[in-house]
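*Asks:* Sharing a model prediction with you, sequence too.
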Amino acid sequence: MSIESLKTLLRPELAQLSPYRVPPAPPEVRLDANESPFPLPPEARARIAAALHTAELHRYPDGRATRLRGALARGLGGSPAEYVLGAGSDELIASLATAMSRPRAGAERPVVLIPEPTFVMYRMTSQVHGWEPVGVPLDDAWDLDADAMAEAMERTQPNLVYYAIPNNPTGNCFARDTVESLVDAFPDTLHVIDEAYGAYSGQSFATFAEERPHCALMGTLSKVGFAGIRVGWVRIHEELSAELEKVRQPFNLNTASQIIATLALTDLAPLLEEQVTSIVAEREGLAGELSRHEALHCYPSAANFLLVRYAGDIPTLCQTLLEHEIAVRQFSSGDSRLRSCIRITIGTPEENARLVQALRDILG
Ligand SMILES: Cc1ncc(COP(=O)(O)O)c(C=O)c1O
């Protein structure tokens, strides 16, 4: 068989898609991926090394991730059985697309409703799985357009709707009463509230979601210091978690990730909280500094990054920052409102100072 004929076997949706962008050679200051900028201090590394020292790496990992799910339930509430784990929440977005994909009666494809702009993987993953993504534009303040959302819910009867709160890349939290009314008005849809940046916002929908079986919460360790171990979760009603468990690869979370994640949620939790507090303080400081430039407009943020509108040429600005060894995120596709914006992840105090100085050099 030739490669050309093999390519005819690929899912047709793939032709429209490009792979998720990961920059090839990162510069010294990486403010483009919403990671925590802080490496772990030596004591925390020693704690992890000691725990890994006794790990039985010749065995398969614990396929039920018993200790980790216990730590999640103790730390975030609910029972261990409500937590389905993934190699990052990315994997859970894919698991939901696999498991929740029966089209509504009379529809050809299952629908996912996505307030946009938001995290691109909701759309991309649903397309790869043959879903129909329906985007509903956020309003000018990047908040949910309550009427447009309700109208789209009525019209498209989605299987799933995603709300990233705080939202990426806009940084804001959607109005709580709008989210709550949508969840309550449409109980036949699974409403997934993605709290990937929840640690930076000081708010959560946990208590609200607990009482509503059609509301799930997603979380991750990626934004609070552990992007490298790829651990995310969805907390969902036990009857649905049991179904998601059927599509999860049995050993999707390796032993090292399970051990480190369990420590992150227990012994290392106070350290992570300190880091979050300092990132939040840096965020406010950096927003103040950026606002001194007339050409920049900083949107309010409850996350570990700032969305900044720039009244100039974005590719030139990003290229010049790269020449200063600083990477920020630009948006060449998707919502046209983002074309005039960059997203800046909050760095260490030194990295932020470097960015502020570079912008002074560039913008005057
Ligand atoms: C809103 C949101 N959810 C989920 C993720 C993915 O997180 P993970 O690293 O756990 O796959 C991201 C990553 O940027 C994100 O912005």
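*Replies:* Now that the structure is in, tell me what you want to look at. Everything numeric in this text was worked out from a predicted model, so none of it was measured.
*Asks:* I figured Arg69 was touching Tyr83, is that so?
*Replies:* Yes: using CB atoms under 8 Å, Arg69 makes contact with Tyr83 at a distance of 4.8 Å. To be clear about C-beta, it is placed using only N, CA and C from the backbone, and glycine gets the same treatment.
*Asks:* these two touch, right, Arg343 and Leu306?
*Replies:* Yes: assessed by CB under 8 Å, Arg343 is found in contact with Leu306 at 7.2 Å.
*Asks:* so which residue of this protein comes closest to the ligand?
*Replies:* Using CB to the nearest ligand atom, the single residue of the chain nearest to the ligand is Gly88, 2.7 Å away.
*Asks:* What about that residue, how many residues nearby?
*Replies:* Per other CB atoms under 10 Å, the neighbour tally for Gly88 reads 20.
*Asks:* same thing with Leu221?
*Replies:* 25.
*Asks:* what does Pro315 give?
*Replies:* Applying other CB under 10 Å, I find that Pro315 has 10 neighbouring residues.
*Asks:* Contacts (any at all) between the ligand and stretch 246-253?
*Replies:* No: judged by CB under 6 Å from any ligand atom, stretch 246-253 makes no contact with the ligand; its nearest approach is 12.0 Å.
*Asks:* Can you list the buried residues in that stretch?
*Replies:* Arg248, Asn252, Leu253 (16 or more other CB atoms under 10 Å).
*Asks:* what does that stretch rub up against?
*Replies:* If you take CB atoms under 8 Å, 6 or more residues apart in numbering as the criterion, stretch 246-253 is touched by 60-61, 63, 65, 68, 84-87, 91, 95, 98-99, 231, 261.
*Asks:* Buried ones among the residues you listed?
*Replies:* Pro61, Ala65, Leu68, Val84, Leu85, Gly86, Ala87, Glu91, Ser95, Ala99, Val231, Ala261.
*Asks:* With secondary structure and pLDDT as new columns, can those residues be given to me in CSV?
*Replies:* Shown next, in CSV, are these (DSSP: H, G, I helix; E, B strand; the rest coil; pLDDT from 0 to 100):
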residue, secondary structure, pLDDT
Pro61, coil, 98
Ala65, coil, 98
Leu68, helix, 98
Val84, strand, 98
Leu85, strand, 98
Gly86, strand, 98
Ala87, coil, 98
Glu91, helix, 98
Ser95, helix, 98
Ala99, helix, 98
Val231, coil, 98
Ala261, helix, 98
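*Asks:* Now the two most distant members of these.
*Replies:* Within the buried ones among the contacts of stretch 246-253, Ala99 and Ala261 form the most distant pair, 22.7 Å apart (CB to CB).
*Asks:* now for the longest helix anywhere in the chain, which elements pack on it?
*Replies:* Secondary structure assigned by DSSP state H gives helix 269-291 as the longest helix of the chain. Packing partners of helix 269-291 (3 or more CB pairs under 8 Å, 6 or more residues apart in numbering; DSSP states H and E): strand 296-298, strand 305-310, helix 349-363.
*Asks:* Give me the buried positions along the longest one.
*Replies:* By that I understand helix 349-363. Glu351, Asn352, Arg354, Leu355, Val356, Ala358, Leu359, Ile362, Leu363.
*Asks:* re the thing from before, compute the inter-axis angle for the longest helix of the chain and strand 305-310.
*Replies:* 10 degrees (axes from the mean of the first three to the mean of the last three CA atoms, to 10 degrees).
*Asks:* how far off helix 349-363 does helix 269-291 point, in degrees?
*Replies:* 20 degrees.
*Asks:* what distance separates helix 269-291 from the middle of the whole chain?
*Replies:* 18 Å (CA atoms, centre = their mean, to the nearest Å).
*Asks:* what's in contact with that helix?
*Replies:* Here helix 269-291 has contacts from 36-38, 40-41, 44, 75, 199-200, 224-225, 264, 296-298, 301, 304-306, 308, 344, 346-349, 352, 355-356, 359, using CB under 8 Å, 6+ apart.
*Asks:* What of stretch 324-344?
*Replies:* 23, 26-34, 116-117, 120, 137, 169, 286, 290, 305-311, 314-315, 317-318, 321, 345, 351, 354-355, 358, 361-362.
*Asks:* give me that answer again for 6 Å
*Replies:* 27-32, 116-117, 169, 305-309, 314, 318, 321, 355, 358 (CB atoms under 6 Å, 6 or more residues apart in numbering).
*Asks:* Quick one: buried ones out of those?
*Replies:* Of the contacts of stretch 324-344, these count as buried by 16+ other CB under 10 Å: 29-32, 116-117, 169, 305-308, 314, 318, 321, 355, 358.
*Asks:* separation between the nearest residue to Gln203 once chain neighbours are set aside and Ser201?
*Replies:* Excluding the flanking residues, the one nearest Gln203 by CB to CB, 6 or more residues apart in numbering is Cys173, at 6.5 Å. Cys173 is 6 Å from Ser201, where distance means CB to CB, to the nearest Å.
*Asks:* and what of Ser79?
*Replies:* On the measure of CB to CB, Ser79 and Ser201 end up 25 Å apart.
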